[in-house]
Each structure stands twice: as structure tokens, then as C-alpha cells.
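# 3D, please:
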Amino acid sequence: MSNIKLIIEERPSDIGNFMVGRLLPFREKRMVGPFSFIDHMGPTIMSDHANLDIPPHPHIGLSTLTYLFQGNIMHKDSLGTEVEIKPGQVNWMTAGKGIVHSERTPEYLRHSTKMLHGLQIWVALPKDLEQMEPEFFHADADEIPTWKNNNIHYKLIAGEVLGHKSPIPVYSSLYLLELKSTTRTTVKIGEELFGESGIYILEGAIENDGNTFQPKQLLVAKDSSLCEFTMQENTTIYIFGGEPFPEERFIYWNFVASSKELIGEAKTKWLNQEYPPVPGETDFVPLPERRI
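So this is what the prediction gives:
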């Protein structure tokens, strides 16, 4: 019997100027562990007159993680942070009680042809930290733990698992792993995982119980301890998960919270423009009426 619970194809959604594959949430599974939202951006080739321009917008109750494969993004936020995100780096912004940020193509690339390809992820905060002060953390590529085992190259982007710990300051028990194969290899790490586990296939394919799964599919394991599969050669996947929270999480636009009251307060604050501004930015994304 297969240990794969759900197979979810990407569904497109618009963010800024680009079509983005929405991986979480979906109707059958709102969260995997503390992970509440995953988007696959691109790959997109942008001409010399096309740029990423996402004006200031707010978040509450979560940490955002941006991880690029190709391209560059200039991150600015209401803490005064201004940092360029480059491939392999980890951009970790914890919203807590509220933060505002913008994401744009860096100025020096705005008049040249460029690529954009990466993952954007939301991790919900535990209930007792939902209203913490906002924070920002940025890690260079060489700070992220990497190792090789049984012909598989591992990278621990966030969390703690398999005897390794990422420097990203997470606030719950979780893991986000990158696995790359060069040859056909069977992976048996389920006994070392915990909580709920999901697998996203970036390139190549994996096999499980006679089934072959292709790029841009998200798999959710029935039991993380049963996580065993075969990676075909030249395959890249991301394994993410951790301990789920005991309380339900509500999601509206960029807001994640354990109560609808907190989301209501955040909506009112954004409508009234009561959040701290992003230095140097003058426009903003208006509050939408629809729910994601």
C-alpha cells in the first residue's frame, strides 16, 4: 500500500507581474506541519523592460522564507532592512504582530534581461508567539549546512533534522531539506523525520510503490516515518514538515492567525494604513476582498 496520501498539481496564481504555482494551501490539506503556504516562482525570463515589482504589503502571524534558484530580489521592510536576495541565500522575515515589506528587481538589473526562479514559503508561528516583535534574518549560501550521504547531496535550508541544524532562527519544530541526486538512489530517512512531511519535486522524478511522480507535484506522506522512495538520476526535491499545531490556523490574504479576531484587526490596520511604512516606498498593495 502506498504511503503517499495526496498528489497535488500546481495551480497558477498571480503575484506581482508573474504567474506563480500555488502549492499550499489547497482544499484537501491546509497545512503540512507549521508550513501554511508554498509558491514556486518561475522559471521566468524577464526582458529589459519587465521587472518584479511587488509594492509594500503586510504580514502577521508567520515567518516568510525566500529561496532563489536563479535571479535576484531586493527586499525592503518596515524594520528598515534593505538586502538583495541572491541564489542559494535564505531570506527569513518573521512578521509576528505585523511587518510590511516590498519585493522588487534590484535597480542595477532593471534594464537588462534576467531570470527569476525560486520558492517562497510561509511558516506559521506558534500561538504564544503570534504577537511577537517582528524580526529579520538573512543567511548566505555558505552558512547553510550541506552534506552527502549515499550519493544524495543534502542541504538543510531551515530547521533541525538528520543530525544537522540550520542557522535560520525558527520558532517551532520543523525542517526544510533539499535533496539532489546524480544517480538513481533509494532514500530511507523516514525514521529520522517527525510530524507531518511533504515532498515537492522541482526536477527529475521519484518513485514510490510502483508510481512515478514528476516535477511540480506535491506529495504528502500519510506517516513521515514511512517516507521511503527512489530518486531517479538528476532529481531535485524539497522535503518539508514538522510538528503540527494543536489549534486551527486561519488565512486571509497575507495574514495567518489562530483567531479570526486577529485577522480582523490586521485588516483594519492595513485599511487605515496604521502599520509602519517601508522607508523609501510610497505605494502599497490594497487589501483584497477575497480569501485565499
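
# what about the stretch 151-292 of the chain, any weak spots by pLDDT?
222-226, 290-292 (pLDDT under 70).

# one more time with 50, if that's ok
292 (pLDDT under 50).

# Which parts of it are strands?
152-161, 164-165, 174-181, 185-188, 196-203, 206-208, 211-213, 217-221, 228-231, 236-242, 250-252, 255-257 (DSSP state E, counting those that start in this stretch).

# To Glu289, which of these lies closest?
Comparing those against Glu289 with CB to CB, the closest turns out to be strand 250-252 (10.1 Å). Heads up, the C-betas are built off the backbone N, CA and C, glycines and all.

# for that closest one, packing partners?
Other helices and strands packing on strand 250-252, by 3 or more CB pairs under 8 Å, 6 or more residues apart in numbering; DSSP states H and E, are helix 260-271.

# Check what pLDDT the residue sitting nearest the centre point of the chain gets.
For the chain, the residue sitting closest to the mean C-alpha position, by CA atoms, centre = their mean, is Ile121 at 1.4 Å. You'll see Ile121 listed with a pLDDT of 95.

# give me the beta-bridge partners of it?
Ile38, Leu65 (DSSP bridges).

# who's in contact with it?
Phe35, Phe37, Ile38, Asp39, Thr64, Leu65, Thr66, Tyr67, Leu176, Phe240 (CB atoms under 8 Å, 6 or more residues apart in numbering).

# any idea which of the residues you listed has the most stuff around it?
Phe240 (29 neighbours; other CB atoms under 10 Å).

# Redo the strands of the stretch 151-292 of the chain as JSON lines? Include distance to Lys127.
JSON lines is the format used below for the strands of the stretch 151-292 of the chain (distance: least, CB to CB, whole Å):
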{"stretch": "strand 152-161", "distance to Lys127": "19"}
{"stretch": "strand 164-165", "distance to Lys127": "24"}
{"stretch": "strand 174-181", "distance to Lys127": "16"}
{"stretch": "strand 185-188", "distance to Lys127": "34"}
{"stretch": "strand 196-203", "distance to Lys127": "18"}
{"stretch": "strand 206-208", "distance to Lys127": "34"}
{"stretch": "strand 211-213", "distance to Lys127": "34"}
{"stretch": "strand 217-221", "distance to Lys127": "23"}
{"stretch": "strand 228-231", "distance to Lys127": "33"}
{"stretch": "strand 236-242", "distance to Lys127": "15"}
{"stretch": "strand 250-252", "distance to Lys127": "12"}
{"stretch": "strand 255-257", "distance to Lys127": "9"}
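
# which stretch among those comes nearest His117?
Counting by CB to CB, His117 lies closest to strand 196-203 out of the strands of the stretch 151-292 of the chain; the figure is 9.6 Å.

# now that closest one against strand 236-242, angle please.
Using axes from the mean of the first three to the mean of the last three CA atoms, to 10 degrees, the direction of strand 196-203 lies 160 degrees away from that of strand 236-242.

# Pairing partners for strand 196-203, with directions?
So strand 196-203, judged by DSSP bridges, has these partners: strand 217-221 (antiparallel), strand 236-242 (antiparallel).

# quick check: angle from it to strand 174-181?
Interaxial angle of strand 196-203 relative to strand 174-181 (the same axes, to 10 degrees): 30 degrees.
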